[in-house]
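>>> coordinates for the following, if possible.
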Amino acid sequence: MTALTLTNVNKSFGKIHVLKDINIQIEEGEFAVFVGPSGCGKSTLLRVIAGLEDASSGEIQIGEDVVNLTPPSKRGIAMVFQSYALYPHLNVRKNMSLALKQEKQPKDVIEQRVAEASRMLDLEDYLDRYPSELSGGQRQRVAIGRAIVRHPKIFLFDEPLSNLDAALRMNTRIEIAGLHSQLAASMIYVTHDQTEAMTLADKIVVLRDGRVEQVGSPMELYNNPANQFVAGFLGSPAMNFFPAGVVGEGGNLTIGVRPEDLRLADDGALSVTVNHVEKLGGDTNVIAHAGDQRITARLFGQHDIAAGQQLQFGYDSARAYRFDDAGHRVR
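Just a heads-up that it's a prediction; the model follows:
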């Protein structure tokens, strides 16, 4: 069954056209991630789905119901915000149960759902604490628990990890992935972090300037990007791009090669000067330049390479990507 269908959805704020003919389908139980640079419209799209913003045109369907005129509280969604949005004067238990009380759910149902969510999120020892007594990661788990207790049709996450440090982001990302597995729920997650998108998603929706650039599984988009924007956005370090003439190929094409596909070679097509070396233990990232072109190579293992060194890199042409002047993939 389809959890969400967006058909020709547009959103304008006055003369500013923010969302442009969005067509997306999310299946029941799917984890979909909306990803793109700041200002691409991904958070606005999430708010339109939630009903916090009205679509200027187009149709929003949740399950079998068209919900364009349905208020947010009746859409069967629960939203987790970047800012946590917890009530400071309520303890964890009351923050998690507030929406259920407003829905006039029976007391035993409220207690059961809060207990269930707190077990899932390892919050059982914190139910009587207030938000000020919690770490950032614990506050985010409370915000997620507040969504879980509502048993929504769709969970919406709006950059929920942005306020956490690197270690907490990774841990909470793992918790969210585990939660999706436990609940088998439909989830839509907005982020500008392509690592979060690649590690969490069943389906990635790449947005740019209010339009959908490509939709597919993480590996589909990574291995078969439709255009230069998608190719450059997904992957860390990012894909290298250089004119075909730099490596002796004809035509006005741009060549794309992922950093892990470059290899040291005495007869390599790319002659570079090293600018910086990132020694990560298991990997070595070499940042260099070939003329005006910046080149990043990701080498497995440890390498004795220093800034200023002259190197040559080769690559398998079968693993290179080629784009025309408009950035469209040609082969």
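
>>> what lies in contact with the helix or strand bottoming out on mean pLDDT in the chain?
When each helix and strand of the chain is scored by mean pLDDT, DSSP states H and E, helix 166-183 comes last, with a mean of 87. The contact list for helix 166-183 (C-beta atoms under 8 Å, 6 or more residues apart in numbering) reads 31, 120-121, 135-137, 140-141, 144, 148, 157, 160-161, 164, 187, 189, 196, 199-200. Backbone N, C-alpha and C define where each C-beta goes, glycine included.

>>> buried only: go through those residues for me.
Among the contacts of helix 166-183, those classed as buried by 16 or more other C-beta atoms under 10 Å are 31, 120-121, 137, 140-141, 144, 148, 157, 160-161, 164, 187, 189, 196, 200.

>>> rewinding a little: could you point out which element follows the least confident helix or strand of the chain?
strand 186-191 (DSSP states H and E).

>>> picking that back up, in strands, which of the buried ones among the contacts of helix 166-183 appear?
Phe31, Phe157, Met187, Tyr189 (DSSP state E).

>>> so the nearest residue to Ile144 once chain neighbours are set aside bridges to which residues?
Distance criterion C-beta to C-beta, 6 or more residues apart in numbering; nearest residue to Ile144, sequence neighbours excluded, is Val80 at 5.5 Å. Counting by DSSP bridges, Val80 is bridged to Phe157.

>>> run through the chain and note the low-pLDDT ranges.
Applying pLDDT under 70 to the chain flags no residue at all.

>>> distance from the chain centre to stretch 17-30, please.
Centroid separation for stretch 17-30 versus its chain: 14 Å, with C-alpha atoms, centre = their mean, to the nearest Å.

>>> mind listing the helices for the stretch 151-300 of the chain?
When assigned using DSSP state H, counting those that start in this stretch, the helices of the stretch 151-300 of the chain occupy the ranges 166-183, 194-200, 218-223, 228-233.

>>> so for Ala320, which of those helices sits nearest?
For the helices of the stretch 151-300 of the chain, proximity to Ala320 was assessed by C-beta to C-beta; helix 228-233 is nearest, at 10.9 Å.
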